[in-house]
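Predicted model follows, preceded by the sequence.
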Amino acid sequence: MSTRIAFLKGHGTENDFVIVPDPENAVDLPPAAVAALCDRRAGIGGDGLLHVVRSAAHPEARDMAAEAEWFMDYRNSDGSIAEMCGNGVRVFARYLQRAGHVTEGDLAVATRGGVKTVHIAKDGDVTVGMGRAVLPEGDVTVSVGERSWPARNVNMGNPHAVAFVDDLAHAGDLLSPPPFSPAAAYPDGVNVEFVVDRGPGHVALRVHERGSGETRSCGTGACAVAVAAARRDGADPTATGTPATYTVDVPGGTLVITERPDGEIEMTGPAVIVAEGEIDADWLETATSA
């Protein structure tokens with residue numbers, strides 16, 4: 001391993017990421033290393049880490065290499081592995097554009113949640129095809145303190161519990177995972193969204209992301225919220241043939257989510273690279289072994 005490792009820092013609606021370009025999958029990133037890099041005081045700081053690897057070079061992505069050259073090996077800030085990150089895919093695509101690997105237009109990105117289609121627009125926004133939502137049956141409840149709410153179980157390649165509330169302050173500090181029941185609904189934990197209405201086709205959320213705590217934005221969460229809001233409002237594009245579009249305000253900005261009649265969900269929003277530099281490998285080794 002070289003003595004220094006390249007990194008970039010980027011965000012999508014203030015959901016921020018450490019980006020580690022590693023085309024040949026040569027950089028060892030155990031959970032402790034990821035947690036150290038994402039530490040906001042002792043590291044670079046981020047809600048997660050985007051490990052940029054060619055699909056053919058990663059054992060989890062080789063079977064997707066024919067469809068997508070690049071694999072987003074995404075990690076939560078605590079070092080745990082996640083299936084997908086919607087804001088992360090947009091920032092991942094922006095990095096590929098900045099590095100000269102892709103240009104404006106369409107590309108495919110491999111993720112643990114499958115191959116995602118991405119469009120980089122001339123105006124700078126990035127649209128990601130997020131796939132179809134799965135709506136498992138069964139009642140779910142989430143709680144904060146003495147309050148409890150029914151929640152919609154939505155899976156966007158990762159699990160979500162969407163609760164509509166009267167006031168976003170009711171979500172509390174979101175430092176700890178909000179309790180949910182039944183436990184069997186989410187055996188591996190869940191991302192919890194608390195949602196209020198802002199107007200027709202317009203909602204706002206706060207989110208506790210599994211493995212990261214409260215974040216400024218969650219792309220898959222915004223998609224889950226749009227689907228839950230559509231069903232609550234009596235809209236099902238796969239049944240009516242009419243797309244459903246929701247503007248979703250997150251603490252870090254705004255995303256536009258459209259569910260198409262074929263069930264595919266598209267998310268559009270900004271993606272920004274803010275810095276690049278080098279990680280000191282000696283520091284990383286020390287931080288990892290501490």
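Perfect, I can see it now.

and residue 279, what are its bridge partners?
Beta-bridge pairing for residue 279 (DSSP bridges): residue 5.

Can you name the residues that contact residue 247?
Taking Cβ atoms under 8 Å, 6 or more residues apart in numbering, we find residue 247 in contact with 198, 201, 202, 203, 254, 255, 256, 257. (C-beta placed from N, C-alpha, C; glycine too.)

how close does residue 220 get to residue 169?
According to Cβ to Cβ, to the nearest Å, residue 220 stands 24 Å off from residue 169.

returning to what we had before: can you list the contacts of residue 247 in JSON lines and add secondary structure?
Listed next are the contacts of residue 247 as JSON lines, based on DSSP: H, G, I helix; E, B strand; the rest coil:
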{"residue": "198", "secondary structure": "strand"}
{"residue": "201", "secondary structure": "coil"}
{"residue": "202", "secondary structure": "strand"}
{"residue": "203", "secondary structure": "strand"}
{"residue": "254", "secondary structure": "strand"}
{"residue": "255", "secondary structure": "strand"}
{"residue": "256", "secondary structure": "strand"}
{"residue": "257", "secondary structure": "strand"}
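
Restrict those residues to the buried ones and give me that as a PyMOL selection.
Remark: buried members of these, expressed as a PyMOL selection using 16 or more other Cβ atoms under 10 Å:
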select buried, resi 201+203+254+255+256+257
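
List the residues that contact the closest residue to residue 256 other than its chain neighbours.
Sequence neighbours aside, residue 268 is the residue nearest to residue 256 in space, at 4.6 Å (criterion: Cβ to Cβ, 6 or more residues apart in numbering). By Cβ under 8 Å, 6+ apart, the contact list for residue 268 reads 125, 126, 127, 128, 255, 256, 257, 258.

Point me to the helix or strand that includes the fourth one.
By that I understand residue 128. Here residue 128, judged by DSSP states H and E, is contained in strand 126-132.

cool, the last one as well?
When elements are defined using DSSP H and E, residue 258 is found to belong to strand 253-259.

That strand pairs with which strands, and in what direction?
According to DSSP bridges, strand 253-259 has the following sheet partners: strand 244-250 (antiparallel), strand 264-269 (antiparallel).

Tabulate the ones you listed (TSV), appending mean pLDDT and distance to residue 86.
Converted to TSV, these look like this (pLDDT from 0 to 100; distance: least, Cβ to Cβ, whole Å):
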stretch	mean pLDDT	distance to residue 86
strand 244-250	98	11
strand 264-269	97	5
